[in-house]
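Participant: With the input below, show me the fold.
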Amino acid sequence: MPHVLPPYRADVVGSFLRPAAVAQARAAFARGEFSREALTAVEDEEIAALVKKELDNGLTAVTDGEFRRAFWHLDFLAGLKGIRHVKAEAWSVHFEGRQPKAETVVIEDRLSFPADHPFLEAFDRLKKIAGDAAVKYTIPSPSMLHLICCVRATDYEPIAAYKDNEELLLDDLAQTWTDAMLALYERGCRYLQLDDTSWGEFCSAEKRAAYAARGIDVDAVARSYVGVLNRIIAAKPADLTLTMHICRGNFRSTWFSSGGYEPIAEILFANCPVDGFFLEYDSDRSGGFEPLRFIKDQTVVLGLITSKFPELEDKEAVKARIAEVAKYVPLVQLCLSPQCGFSSTEEGNIMTEEEQWAKVRLVVEIAREVWQDA
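Facilitator: Purely as a prediction, here's the structure:
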């Protein structure tokens, strides 16, 4: 029988390279030469073409490629109540070789999820375009908002309501994301992914040392993040699949941290019952598979295919790595995907669209050869 529940044996993280038409329309809109309606019409047309390509290339669940976003995370965060989107002097983390345009968010009031958040309309449009196809939708994890505003920022000053009351901030984070999840569920979302680079950052010995030098207990922060996530999971409808994607940065084929999962494995894998973890494993920067011994009954989607570079992986070598993982996690709990999206920001990774689809087809081919239910 086919594997019918997400994550799917052959899956993707979510973002795809932006077509020229989308890039041009967004640039024209930014210059004031395009109306919002005209931009949305172009995005709708290109997302419809993307959905067809996703299905034609063997995927079960389709995404909108994040075509309506500039960033994988900031667009969602900026739409929350209590958040101000600001320009910055520098990006909040240093990527190796390239830097995104400097923008960030700050907390200026108590957090909540607005009923008119633009991601709700974006989901409605994707669902309508997708028709009968399964839809996967992605939003950043609540950990990202706290990490950006309260941990990475060296000048963080809590608002009056959160001063000396970190628990209230964590409560508001949990409620805000719970409300977002349930609002999407009401619109028909049954497969939601939380994208979260905080865990990739907490895997880095260098970054952990830097935080410790500032007096930050990374493990304590990590446990608080699991607490927030578990409150959201407790409110999850039974027929909604909630997954988490972890990576170490993905801007223009670059990265910002390295380190295996061991430092966070027990805290996260053993204590956070999401339905699945999408884990970056495309290079030695992710370490070995031993930390997966802490996985319980979560599905593990192995990011063994890189989305950073166009060269195709050797199929047999990937199969051998899947077999190695099966020493720690049963094969029935495993799936396969690229290690990240192809375009975490609108600039995209350094490859062509055809090279991108070749990567997707490779994931599908390997999955069909490894799992009889793929």
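
Participant: From here on, just use CA atoms for contacts and neighbour counts.
Facilitator: Will do.

Participant: in this structure, which strand has the most residues?
Facilitator: Ranked by residue count and defined by DSSP state E, the top strand of the chain is strand 103-112.

Participant: For it, enumerate the helices and strands it packs against.
Facilitator: Judged by 3 or more Cα pairs under 8 Å, 6 or more residues apart in numbering; DSSP states H and E, strand 103-112 is in contact with helix 74-78, strand 81-87, helix 166-186.

Participant: Tell me what angle that strand forms with helix 166-186.
Facilitator: Interaxial angle of strand 103-112 relative to helix 166-186 (axes from the mean of the first three to the mean of the last three Cα atoms, to 10 degrees): 90 degrees.

Participant: Which strands and helices lie in contact with the helix or strand following strand 103-112?
Facilitator: As assigned by DSSP states H and E, the chain's next helix or strand after strand 103-112 is helix 118-130. Helices and strands touching helix 118-130, by 3+ Cα pairs under 8 Å, 6+ apart, are helix 36-56, helix 166-186.

Participant: returning to what we had before: tell me the buried residues in the longest strand of the chain?
Facilitator: If you call a residue buried by 16 or more other Cα atoms under 10 Å, then strand 103-112 has these buried ones: Thr104, Val105, Val106, Ile107, Arg110, Leu111, Ser112.

Participant: Same question for stretch 324-342: list its buried residues.
Facilitator: Buried residues in stretch 324-342 (16+ other Cα under 10 Å): 325-326, 329, 331, 333-342.

Participant: swap that for stretch 53-69, please
Facilitator: 54, 57-69.

Participant: Repeat that for stretch 40-57.
Facilitator: Neighbour count says stretch 40-57 has Thr40, Val42, Glu43, Asp44, Glu46, Ile47, Ala48, Leu50, Val51, Lys52, Glu54, Asn57 buried, by 16+ other Cα under 10 Å.

Participant: cool, stretch 241-250 as well?
Facilitator: In stretch 241-250, counting by 16+ other Cα under 10 Å, buried: Thr241, Leu242, Thr243, Met244, His245, Ile246, Cys247, Arg248, Gly249, Asn250.

Participant: So which of those is the closest to Arg231?
Facilitator: Leu242 (12.8 Å; Cα to Cα).

Participant: hmm, back to that, would you turn the helices and strands packed on helix 118-130 into a markdown table with distance to Glu311 and mean pLDDT?
Facilitator: A markdown table is the format used below for these (distance: least, Cα to Cα, whole Å; pLDDT from 0 to 100):
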| stretch | distance to Glu311 | mean pLDDT |
| --- | --- | --- |
| helix 36-56 | 20 | 98 |
| helix 166-186 | 36 | 98 |
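
Participant: Of those helices, give the one that comes closest to Tyr261.
Facilitator: Short answer: helix 166-186, nearest of those by Cα to Cα, at 24.3 Å.

Participant: Show me what the closest one is packed up against.
Facilitator: Counting by 3+ Cα pairs under 8 Å, 6+ apart, helix 166-186 packs on strand 103-112, helix 118-130, helix 142-146, helix 218-234.

Participant: circling back to that earlier point, counting only strands, which of the buried residues of stretch 53-69 make the cut?
Facilitator: Filtering these for strands - DSSP E - leaves Ala61, Val62.

Participant: and the buried residues of stretch 53-69, which two are the farthest apart?
Facilitator: Spatially, the most separated pair among those is Gly58 and Arg69, at 24.7 Å (Cα to Cα).

Participant: Quick one: low-confidence residue ranges for the stretch 1-150 of the chain.
Facilitator: For the stretch 1-150 of the chain, the stretches with pLDDT under 70 are 1-2, 4, 88-101.

Participant: Mind doing that once more with 80?
Facilitator: Residue ranges of the stretch 1-150 of the chain with pLDDT under 80: 1-4, 87-102.

Participant: Quick check, central residue of the protein?
Facilitator: Compute the mean C-alpha point of the chain, and by Cα atoms, centre = their mean the closest residue is Asp195, 2.4 Å away.

Participant: Mind telling me what element it is part of?
Facilitator: Using DSSP H and E, Asp195 sits within strand 191-196.

Participant: I'd like the next helix or strand past that strand.
Facilitator: For strand 191-196, the following helix or strand on the C-terminal side (DSSP H and E) is helix 198-202.

Participant: who touches that following helix?
Facilitator: For helix 198-202, the external contacting residues (Cα atoms under 8 Å, 6 or more residues apart in numbering) are 143-144, 147, 207-208, 218, 222, 246-249, 257-259, 261, 263-264.

Participant: For ChimeraX, write the select line for the buried members of those residues.
Facilitator: Here is the ChimeraX command that selects the buried residues among those (16+ other Cα under 10 Å):
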select :143,144,147,207,208,218,222,246,247,248,249,257,258,259,261,263,264
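
Participant: that older thread, and the angle from the longest strand of the chain to strand 81-87?
Facilitator: Put simply, strand 103-112 runs at 170 degrees to strand 81-87, going by the same axes, to 10 degrees.

Participant: Okay, now the sheet partners of strand 103-112, with direction.
Facilitator: Paired neighbours of strand 103-112 in the sheet (DSSP bridges): strand 81-87 (antiparallel).

Participant: can you list the residues that contact the partner strand?
Facilitator: 77-78, 102-114.

Participant: Buried residues, it. List them.
Facilitator: Residues of strand 81-87 classed as buried: Lys81, Gly82, Ile83, His85 (neighbour count, 16+ other Cα under 10 Å).

Participant: Give me the distance from that strand to the chain's centre.
Facilitator: 20 Å (Cα atoms, centre = their mean, to the nearest Å).
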